[in-house]
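Asks: Just the structure for this:
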Amino acid sequence: MENTFGINIIPENDLQRIEVLKRYKILDTPPENAFDHIAKLATQIFGVPISMVSLVDAEQVYFKANVGMGKVRSTSRGVSLCSLAVLSPGVTVFEDATVEPCLLVNPLVAGDFGLKFYAGAPITTPDGFLIGTLCVVDKKTRIFTEQDKIILQGLATLAMDDIELRLSAIEENEKQEQIQLLLAESEYRARLIVNDAPVAIGVLNGEQLIIESANDKILEVWGKTSKIIGVPLHLAIPELKGQPFLGILNDVFTSGQPYYGNELKAQLNRNGQNEDVYFNFVYHPLKNLDDATTSILIVATDVTQQVNARLQIEVTERKLENMVLNSTVGMNIFKGRELIIELANQPMYNIWGRTPSQALGKPLLAVFPELIGQQFPELLEGIFDSGKTVEQVEIGVRIATDKGEKNLIINAKYVPLFDIFGEVESIVATVINITELVNARIFLEQSEEELQTINEELTTTNEELATLNEELSDTNEELSITQEYLQQSMTSLEESKVLLLKSEEMLRISTEAAEVHTWQVDLKTDDFTASANLKNLLGFTTYQEMTFEAMNTQIVAEHRSRVQEEFEHALRQTQTFDVEYKIIRENDNQNRWLRTKGKLLLDSDEKPAYFSGIVIDITEKKEGEIRKNDFIAMVSHELKTPLTSLKGYLQLLNIKNKKNEDPFTTSALAKGDKQVNKMLSIIDGFLNVSEMDAGKITLHKEIFNLSDVVDEIGKDVQLTTLTHVIEIADCRAISVHADMNKIGQVINNFLSNAIKYSQTGKKIQIFCEEIEGNVRVGVKDEGEGIRQQDAIKLFDRFYRVDNQESKTIAGFGIGLYICAEIIRRHEGKIWIDSTIGKGSTFYFSLPLGSVK
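Replies: Here you go, the predicted model:
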């Protein structure tokens, strides 16, 4: 088997893994609707053209479901990226495959296929073997979030459920009723995933296009409530009349073919006002067993902001282009550090001695290789680093033309253009050819020297007076001509100055149109300069003086010290300053969320000179995150009630089944109860994280004996585990002022992790002590230990250690993150000491100020 990745793609347990895969009797079998449905759902949720359910055999990768790849049924294991996705239990993501070292020679990436994005979630058997993947593929780069990974892993779990059900159907044909029950549960989970999807999803039933279902996202897009469910689309959204969408939907229903819309404009009535909204969407027909269309699935994304921003940028670019092309002096734009000649006007081509076809779209040094070794490439590179405008007066330049080498003398000005993050992306160059003007001035100086010589000779000889007067007359005439030419050149210089001022004004207008607010601090004089739109954003008038301190005063107290620390760190380390924070405007007490990004600029002596930055209003984004957390909390609460009831019914069925002693039913009920417990645990974790993010967790502090809590929890945990010995060290009575339930939650989590990640029969110690003005609690295990690179990230949200031991242990990396937040809100500390092969000790401490 050819391996195109340059790394080992065969896991240590591959022989066992392949045996498990063959046990499912699914390799090289025809496509099945259940798996096709999952693959199609993945393409619709993530908006990608290709999705596959793959099974990785010893030599081949078989595609059980294939959307977007034609009739391909299998490929070599040494070529398919799915071979990499079965090497680890987490989701494998290549957001830009072309820069991944292991993919540089892979034919799918480097060849004609042009793969650029790949995300694959392993299909994992109940006993922990990774037999295949659910993957999504695109021919353009994409960003894949943590939420996307969770959804993709959920779909992979559905695929594994279907594989298990398929095996059960082969082995137990007479158990069709039970299999239908499990299929219904799988479909229910799929519906839950759709409801939580980050895109707008709805289903229209029948030729009347009756709204059968609609998630919250699509109701928000339509500007409607759930009351429209059950109503025909043309009645629920009457403003669609006269727009193309109803006709497109009817065509999809009639033809049975999906329709893909890209940046289509719709007029919708939202909040009582008509709005122009742009969408990317898919109308996908849903068919019955007779291949007749019964419903239409809608998957849509609101791209209004992106479209409007692109249109605004295009307008600004056209204005800048018109200014350059219509200028009477030489102007051009260099794009990027490669100095690509993006635009140039005819006066500039005249100076260069080049045509547009010879220069446009090419790097400067490719058009003018003779500039290598001259000052200009280094000077332009320096502008990208400093962000400062550079002016040059009477600079010599040597360029080659069809007629030979040409030496010019120019005046030049180079003005940087910045992106919205304050980084230089282009340079506008204005060049005036003053070669003739300088030569005329030199000629004038030489004439003046000659005149001085003539005057000296006049004192010694009167005979030459007539001749000298004639020469003087000629010289004066030449001087007059030279003076007139000089005046014309000065007029051209003045016109260039006016054009430069216009260019700077256009740049200012572009910045304001992009809603970017700018500021600058002179580190030598402490002078603070703010743009007019920044003053207005912070509640000041355009002509009102605003100091740096006045801007910082509006930052809310809980964010102010963090912002100040980040600013001082950027000054010390000469790094980019990038921070988000909340303010309360003094003039109207309105809350706003801002993002500030800045950079330290050095002077010619490499000393700090200025600190320049931009401010972006991100209030809508932050409020959206708050609404997201509220939504997660609401959904979690709503899901817990039916899951609790389902758990009760499963327990009743289990009791009833004991009389029948049916092995299959016993196994199915046990699996169902395990899945319900897993779902309840996941929901509790998401609910806690949502409350943490929303700041809704309140500490109910009281005075209690910490040693009593340690002793009680240690004994309770010992009662529920027979695999480990929990040793409770003597703790002297220490009274603390804290939230007893929350502190108990942290201790219980430490003990639970110690049990899960250490071998059966090992000893676990728990202790508490007062040391250096703090009360400290520790839980020590005799497990395998944790690597240093994992230990520093262990308390981050959704972080899990990636090793062989953790593959079979369920979890999302939420527990320790919640523990860290609880201790942080008690103004305490949390950390871990670990040695590979000897075990780990988890600690938390509360400061003396919390001890009574």
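
Asks: In which helix or strand does the residue lying closest to Glu185 once chain neighbours are set aside reside?
Replies: Residue nearest to Glu185 in three dimensions, not counting chain neighbours: Gly672, with 7.3 Å by Cβ to Cβ, 6 or more residues apart in numbering. Any C-beta I mention is one placed from the backbone N, CA and C, and that applies to glycine too. Using DSSP states H and E, Gly672 maps to helix 663-694.

Asks: Could you tell me the per-residue confidence at Val397?
Replies: Listed pLDDT for Val397 reads 91.

Asks: rewinding a little: list the neighbouring strands of the next helix or strand after the helix holding Gly672 plus their orientation.
Replies: Following helix 663-694 in sequence order, the next helix or strand is strand 702-705 (DSSP H and E). Within its sheet, strand 702-705 is paired with strand 735-738 (antiparallel), according to DSSP bridges.

Asks: Next secondary structure after the strand it pairs with?
Replies: helix 740-756.

Asks: Touching that next one from outside, list them.
Replies: Contacts to helix 740-756, defined as Cβ atoms under 8 Å, 6 or more residues apart in numbering, come from residues 699-700, 702, 704, 706, 709-710, 713-714, 717, 721, 723-724, 726, 736, 764, 766, 777, 779-781, 783, 809, 815-816, 818-819, 822-823, 826, 830, 840, 842, 844.

Asks: Report the buried members of those.
Replies: Buried members of the contacts of helix 740-756, counted by 16 or more other Cβ atoms under 10 Å: 704, 706, 709-710, 713-714, 717, 724, 726, 736, 764, 766, 777, 779-781, 783, 815-816, 818-819, 822-823, 826, 830, 840, 842, 844.

Asks: and Arg776, how far is that from Leu816?
Replies: Separation of Arg776 from Leu816 (Cβ to Cβ, to the nearest Å): 17 Å.

Asks: Also Asp603?
Replies: 47 Å.

Asks: Please apply the same query to Ile626.
Replies: Distance from Ile626 to Leu816, by Cβ to Cβ: 25 Å.

Asks: can you pull out the strands in the stretch 251-400 of the chain?
Replies: For the stretch 251-400 of the chain, the strands defined by DSSP state E, counting those that start in this stretch cover 259-270, 273-287, 293-302, 330-335, 340-344, 390-401.

Asks: Identify those among the contacts of helix 740-756 that sit within strands.
Replies: 702, 704, 726, 736, 764, 766, 777, 779-780, 830, 840, 842, 844 (DSSP state E).

Asks: And the residues you listed, which two are furthest apart?
Replies: Using Cβ to Cβ, the ones in strands among the contacts of helix 740-756 span at most 30.8 Å, a distance reached by Glu702 and Ser840.

Asks: right, and Ser707 touches Ser735 too?
Replies: No - counting by Cβ atoms under 8 Å, Ser707 does not reach Ser735; the two are 9.3 Å apart.

Asks: neighbour-wise, which of the two wins?
Replies: Neighbours per residue, other Cβ atoms under 10 Å: of Ser707 and Ser735, the larger number sits with Ser707, 22 against 13.

Asks: ok, the more buried one - contacts?
Replies: Neighbouring residues of Ser707 by Cβ under 8 Å, 6+ apart: Cys731, Arg732, Ala733, Ile734, Cys768.

Asks: and of those, the nearest to Val93?
Replies: Closest approach between the contacts of Ser707 and Val93, by Cβ to Cβ: Cys768, at 42.1 Å.

Asks: Determine the set of other helices and strands touching the strand or helix carrying the closest one.
Replies: Here Cys768 sits within strand 763-771, counting by DSSP H and E. Using 3 or more Cβ pairs under 8 Å, 6 or more residues apart in numbering; DSSP states H and E, the elements in contact with strand 763-771 are helix 706-720, strand 725-728, helix 740-756, strand 774-780.

Asks: Of all these, which one is nearest Glu436?
Replies: Across these, closest to Glu436 is strand 774-780 (Cβ to Cβ), at 80.8 Å.

Asks: Identify the residues contacting that closest one?
Replies: 706, 710, 734, 736, 747, 750-751, 754, 764-770, 828-829, 839-848, 850-851.

Asks: Identify the bridge partners of Gly132.
Replies: Beta-bridge partners of Gly132, counted by DSSP bridges, are Leu55, Ile123.

Asks: Show me the shaky parts of the stretch 51-200 of the chain.
Replies: Confidence mapping of the stretch 51-200 of the chain against pLDDT under 70 gives the ranges 174-180, 182-184, 186-194.

Asks: cool, and the stretch 701-850 of the chain?
Replies: 802-813, 848-850.

Asks: tell me the domain ranges of this protein?
Replies: Annotated domains of the chain cover 14-194, 199-302, 517-617, 623-694, 702-850 [automatic domain parsing].

Asks: Among these, which comes closest to Val315?
Replies: Closest approach to Val315 among those is made by domain 199-302 (16.4 Å; Cβ to Cβ).

Asks: okay, how far is it across that closest one, tip to tip?
Replies: 9 Å (Cα to Cα, to the nearest Å).

Asks: same question, stretch 724-734
Replies: The first-to-last residue distance of stretch 724-734 comes to 27 Å (Cα to Cα).

Asks: now swap in stretch 10-19 and tell me
Replies: From its first residue to its last, stretch 10-19 covers 14 Å (Cα to Cα).

Asks: what about the closest residue to Ser226 other than its chain neighbours, neighbour count?
Replies: The shortest distance from Ser226 to any non-neighbouring residue, by Cβ to Cβ, 6+ apart, is to Leu219 (6.4 Å). When counting by other Cβ under 10 Å, one arrives at 18 neighbours for Leu219.

Asks: ok but Leu219 is inside a strand, no?
Replies: No - going by DSSP: H, G, I helix; E, B strand; the rest coil, the assignment for Leu219 is helix, not a strand.

Asks: Just the pLDDT at it, thanks.
Replies: Leu219 carries a pLDDT score of 89 in this model.

Asks: That one against Lys227, yeah?
Replies: No - counting by Cβ under 8 Å, Lys227 is not a contact partner of Leu219; they are 9.6 Å apart.

Asks: secondary structure element for Pro416?
Replies: In this structure, Pro416 is located in strand 404-418 according to DSSP H and E.

Asks: helices and strands around that strand, which ones?
Replies: Strand 404-418 is packed against helix 376-386, strand 390-401, strand 424-433, helix 435-458, helix 465-513, with contacts defined by 3+ Cβ pairs under 8 Å, 6+ apart.

Asks: Centre of the chain to the second one, how far?
Replies: Taking Cα atoms, centre = their mean, to the nearest Å, the mean C-alpha location of strand 390-401 is offset from the chain mean by 43 Å.

Asks: partners of it, with directions?
Replies: Counting by DSSP bridges, the strands paired with strand 390-401 are strand 404-418 (antiparallel).

Asks: For the strand it pairs with, give the mean pLDDT please.
Replies: Across strand 404-418, the average pLDDT comes to 90.

Asks: Make residue 1 into 549 and carry on from there
Replies: I'll keep to 549 as the first residue from here, and by that count the last item is strand 952-966.

Asks: so how far is that strand off the chain centroid?
Replies: From the chain centre to the centre of strand 952-966 is a distance of 39 Å (Cα atoms, centre = their mean).

Asks: That strand relative to helix 924-934, how many degrees between them?
Replies: On the basis of axes from the mean of the first three to the mean of the last three Cα atoms, to 10 degrees, strand 952-966 is oriented at 0 degrees to helix 924-934.
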